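>>> sequence and computational prediction follow.
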Amino acid sequence: MIHHTSPMRLRPWLQAGLLLGGLAVAPTAGAQRAGDVPPSRLTPDTLRPQASPRPLTLELTGTAPSAAPDGAERLFVTLEKAELSGSHPELDAAQRALLDSLAGRRISVAQVFEAATALEAGFARAGYPLVRVAVPPQSLEDGGALRLQAVDGFIESIDVQGLPERVREAVLRRTAALVGRRSLTQAELETRLARADDVPGLHLRSTLAAGQEAGAARLILDGSHQALALSLTADNQLDATLGRWAWGLSVSGNGLLASEDQLYASVRQSAGDPSGQPQGRGLSLLGAGLSLPLTPEGVTAGIEFTTSSTRPATTPGLPATLGRFRRGVGRIHWPLQVDRAQRLSANLSVEHIDQRNTASAFGVDLKHDRYWAVKLGLDHTGNVPPWGWIAAGASLVQGLGGRDADQARAEGVPLSRQGAQPRFTRALATLRWVVPIAATGSRLDLNAAAQTAFGRPLLQSEQLSLDGPTAASGFLPGSLAVDAGTTLRAEWIQPYRLEQLGRSESLAPYLFVADARGRVFAPTALEAARLAVRSYGLGLRIESIGPFGLPMELDLEWARGAGGAGDTQSSHRAWVALRTRF
């Protein structure tokens, strides 16, 4: 990252961002009206807070081999051989060469102790951080043999007194399997620590210190726990028919019922009422969820309920409409691999979806979907040195049935898509790849997604959106959707850091290009069978300290979109988003 020192204050940047946000409410040329956008496309897949990946902290103290006696550097001996006894992993070539180098030449006693230290470091590099190499009491003489003793170390106890009391029991449950384990590897140690660090709201630090027995170590755990987290957002990414500006509030409580549970809730609301009707505003979203632990290995179960609605401003000659979306989810999360560099997890969820579009003035349903679906997914995040960091996901969704075409005909209210059914199959893959460019201090951020519906039309809530902040952002959110397609977006980001008055603030200007395309199966006369759009633009992300010492994040972007079909052939959008946490 490039550092710049500047006496400027960042508050003018925030003021400028809000000014640009005000200018951004100008109408978007050629954009599709939000009355055609179902609320499911403006509702996130989950409301659960997503923890930012952070490295594990593991320090080794008080575990060095025995110190060389005073004057050891002045005592010399010529050894015939050197051997390592005791329980230890197999030596690698470098360790064998080190042992062989001690024989047949004149060395100091200090070099003997240095060799023990080097052998121990070799075991640590091989993934055995608790193996100790000692120089036992012995008589060294010319032509004699040197005996080094390896001890298969172990953790004799875990100290959690440095942790808040409400999470101590949870951390002990997730790390108890480490106590007394012989031949403990670095990977096994990191896995247990990472699972303990996954306790909601916990930021864990760990230290290994010498224990009471030979080769024993104490695992000392400390850290901080955030019992309550709150975030506020404001942005102008909505269409003018939904009020343009929206605010959001998210709150999560960690360990409120037990030590490992997480309660969370979110609300998002249009800042204005474009419909001018008392029944509600343009966009409204409300949801809540609960996650509970099942096993010490980090398996969790959760439930979540979300409701959202859209009430766009009326168009002359057309009836006012109300879109309503309801989703209930039950899910299980399995961490399959967790360590310092990689995280792999599986997710199984069952969802119930109910979405309808109503002519609100007459109370008549225009479209109605109701169905069950099961979703199986895999998620992976990790470092790929020297190529940066990746986050990848794959999921398979199977519709289990619900309100079908026969019921729709009987009730006289169609499904949301012609030819679609509540029994369907779709597969989705996503990828984010962050590549650092060391020569310039910049980075390349790639986002890609691909979905297949296996040649069948999907209900609106199951379609892939081609627009959005990780795709073609030059169009209205939710205005471009397909049954099968791909999105690709590349951002070149050049971060800067301002150091001023003891505070650190960052600016990250970026340029981006995006391509998105896909197919709509069984299209109606109002739908295009194929969509292909492109987008490019520039933006700025700012992180600063705002009023009352609160962290502030400001995003600004201007995007130009081209392609598509009908009135989406050309559009441009400028938007701003502001976030704070406490």
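Alright, I've got the coordinates.
>>> can you give me the buried ones in the longest strand along the chain?
Longest strand in the chain by number of residues (criterion: DSSP state E): strand 364-383. Across strand 364-383, burial judged by 16 or more other Cβ atoms under 10 Å covers 365-373, 375, 377-382. Backbone N, C-alpha and C define where each C-beta goes, glycine included.
>>> next: stretch 403-423.
For stretch 403-423, a neighbour-count test (16+ other Cβ under 10 Å) marks 403, 408, 413-418, 420-422 as buried.
>>> quick one: which of those sit in helices?
Per DSSP state H, helices hold the following members of these: Ala408.
>>> Ser461 reaches His368, doesn't it?
No - Ser461 lies out of contact with His368 (Cβ atoms under 8 Å); the separation is 11.9 Å.
>>> which residues do the two both contact?
Residues touching both Ser461 and His368 (Cβ atoms under 8 Å, 6 or more residues apart in numbering): 355, 416.
>>> pull the distance from the longest strand of the chain to the chain's centre.
The chain centroid and the centroid of strand 364-383 are separated by 19 Å under Cα atoms, centre = their mean, to the nearest Å.
>>> then stretch 358-373?
Taking Cα atoms, centre = their mean, the mean C-alpha location of stretch 358-373 is offset from the chain mean by 35 Å.
>>> which helices and strands does the strand or helix carrying Gly401 pack with?
Element membership for Gly401, per DSSP states H and E: strand 389-402. Secondary-structure packing of strand 389-402 (3 or more Cβ pairs under 8 Å, 6 or more residues apart in numbering; DSSP states H and E): strand 364-383, strand 425-437.
>>> quick one: contacts of that strand?
Residues from elsewhere that reach strand 389-402 (Cβ under 8 Å, 6+ apart): 347, 353, 369-384, 421-434, 462.
>>> just list whatever residues bridge to the residue nearest to Leu178 when sequence neighbours are not counted.
Residue nearest to Leu178 in three dimensions, not counting chain neighbours: Ile155, with 5.0 Å by Cβ to Cβ, 6 or more residues apart in numbering. For Ile155, the beta-bridge partners are Val179, Ala217 (DSSP bridges).
>>> ok, now Pro551?
Here Pro551, judged by DSSP bridges, has bridge partners Ile545.
>>> hmm, Ala450 is touching Leu428, no?
Yes - using Cβ under 8 Å, Ala450 is in contact with Leu428, at 7.3 Å.
>>> about what we covered before: distance check, the residue nearest to Leu178 against Ala82.
As defined by Cβ to Cβ, to the nearest Å, Ile155 lies at a distance of 30 Å from Ala82.
>>> of all the buried residues of strand 364-383, which comes closest to Ala209?
Minimum distance to Ala209 across these is 29.3 Å, recorded for Gly382 (Cβ to Cβ).
>>> setting aside sequence neighbours, what's the nearest residue to that closest one?
Counting by Cβ to Cβ, 6+ apart, Gly382 lies nearest to Gln342, which is 3.6 Å off, once chain neighbours are set aside.
>>> residues touching the one you found, list them.
When contacts are counted by Cβ under 8 Å, 6+ apart, Gln342 touches 380-383.
>>> what's the separation between it and Trp389?
Computed as Cβ to Cβ, the Gln342 to Trp389 distance reads 11 Å.
>>> residue contacts, Trp247?
Contacts for Trp247 were tallied using Cβ under 8 Å, 6+ apart; they are 232-234, 268-269, 271.
>>> redo those as JSON lines? Include distance to Gly287, pLDDT and secondary structure.
Below are the contacts of Trp247 laid out as JSON lines (distance: Cβ to Cβ, whole Å; pLDDT from 0 to 100; DSSP: H, G, I helix; E, B strand; the rest coil):
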{"residue": "Leu232", "distance to Gly287": "16", "pLDDT": "94", "secondary structure": "strand"}
{"residue": "Thr233", "distance to Gly287": "15", "pLDDT": "94", "secondary structure": "strand"}
{"residue": "Ala234", "distance to Gly287": "19", "pLDDT": "94", "secondary structure": "strand"}
{"residue": "Arg268", "distance to Gly287": "9", "pLDDT": "96", "secondary structure": "strand"}
{"residue": "Gln269", "distance to Gly287": "13", "pLDDT": "93", "secondary structure": "strand"}
{"residue": "Ala271", "distance to Gly287": "19", "pLDDT": "84", "secondary structure": "coil"}
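>>> mind listing what Leu146 touches?
Counting by Cβ under 8 Å, 6+ apart, Leu146 touches 79, 81-83, 102-103, 112, 138, 140.
>>> can I get the buried part of these as one PyMOL selection?
Here is the PyMOL command that selects the buried residues among these (16+ other Cβ under 10 Å):
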select buried, resi 79+82+102+112+140
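>>> poorly predicted segments of the stretch 201-350 of the chain, please.
In the predicted model of the stretch 201-350 of the chain, residues 272-281 satisfy pLDDT under 70.
>>> repeat that for the chain.
For the chain, residues meeting the criterion pLDDT under 70 lie at 1-35, 51-66, 87, 272-281, 500-504, 564-570.
>>> now the helices: where do they sit in it?
For the chain, applying DSSP H gives helices covering 11-23, 93-101, 109-125, 165-175, 186-197, 405-411.
>>> which other helices and strands does the fifth one contact?
Yep, that's helix 186-197 we're talking about. Going by 3+ Cβ pairs under 8 Å, 6+ apart, helix 186-197 lies up against strand 58-60, helix 165-175, strand 202-210, strand 321-338.
>>> same question, the second one
Judged by 3+ Cβ pairs under 8 Å, 6+ apart, helix 93-101 is in contact with strand 81-86, helix 109-125.
>>> for Arg581, which of those is the nearest?
Using Cβ to Cβ, the helices and strands packed on helix 93-101 put helix 109-125 closest to Arg581, at 37.7 Å.
>>> what packs against the closest one?
helix 93-101, strand 132-134, strand 145-151.
>>> give me whichever of these is most buried.
Sort the helices and strands packed on helix 109-125 by mean neighbour count, taking mean count of other Cβ atoms under 10 Å, and strand 132-134 sits at the top with a mean of 22.
>>> pull the contacting residues for the residue nearest to Leu178.
By Cβ under 8 Å, 6+ apart, Ile155 lies in contact with 130, 178-181, 184, 208, 211, 216-219.
>>> one more pass at 6 Å, please.
178-179, 217, 219 (Cβ atoms under 6 Å, 6 or more residues apart in numbering).
>>> same deal with Val160?
Neighbours of Val160 in contact, by Cβ under 6 Å, 6+ apart: 168, 171-172, 221.
>>> buried subset of those residues?
Buried members of the contacts of Val160, counted by 16+ other Cβ under 10 Å: 168, 171-172, 221.
>>> now distance to Ala67 too, for the residues you listed, in JSON lines please.
Compiled in JSON lines, the buried ones among the contacts of Val160 are given as follows (distance: Cβ to Cβ, whole Å):
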{"residue": "Arg168", "distance to Ala67": "35"}
{"residue": "Val171", "distance to Ala67": "33"}
{"residue": "Leu172", "distance to Ala67": "33"}
{"residue": "Leu221", "distance to Ala67": "28"}
